[in-house]
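Undergrad: Return a 3D structure for these sequence lines:
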Amino acid sequence: MRRRPEPGGGASAVPASLDARADVSRQRLTVSNWEGYMPEDLPARFKAATGVP
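TA: Residues are numbered from 1 along each chain as shown. The predicted model follows:
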């Protein structure tokens, strides 16, 4: 009998330690939310404040 894969491929979603000096310009953050739950301009404000899309 085959085992079902674990969510996330069995790997931890959070690394054991985070590098505060990581180059976030090469990474992408995707936020999914319900309509009307956050201001429509929040993604643009986040990018303006951090430089990260």
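Undergrad: contact partners of stretch 40-53?
TA: For stretch 40-53, the surrounding residues in contact (CB atoms under 8 Å, 6 or more residues apart in numbering) are V24, S25, Q27, R28, L29, V31, P39. (Each C-beta comes from the backbone N, C-alpha and C, glycine too.)
Undergrad: Can you add distance to V52 and give those residues back as a markdown table?
TA: Below are the contacts of stretch 40-53 laid out as a markdown table (distance: CB to CB, whole Å):
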| residue | distance to V52 |
| --- | --- |
| V24 | 5 |
| S25 | 7 |
| Q27 | 8 |
| R28 | 8 |
| L29 | 7 |
| V31 | 12 |
| P39 | 18 |
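Undergrad: so which two of the residues you listed are the farthest from each other?
TA: Greatest spacing in the contacts of stretch 40-53, by CB to CB: S25 and P39 (24.1 Å).
Undergrad: Quick check: the gap between L18 and A49.
TA: 20 Å (CB to CB, to the nearest Å).
Undergrad: To clarify, my last question referred to A16.
TA: In terms of CB to CB, A16 sits 28 Å off from A49.
Undergrad: Quick check: pLDDT value at R45.
TA: In this model, R45 is scored at 95, pLDDT.
Undergrad: residues near it, how many?
TA: Using other CB atoms under 10 Å, R45 has 10 other residues around it.
Undergrad: again with V52
TA: 12.
Undergrad: On the pLDDT front, check it for me.
TA: V52 is assigned 77 on the pLDDT scale.
Undergrad: before we move on, which element is it in?
TA: Assigned by DSSP states H and E, V52 belongs to neither a helix nor a strand.
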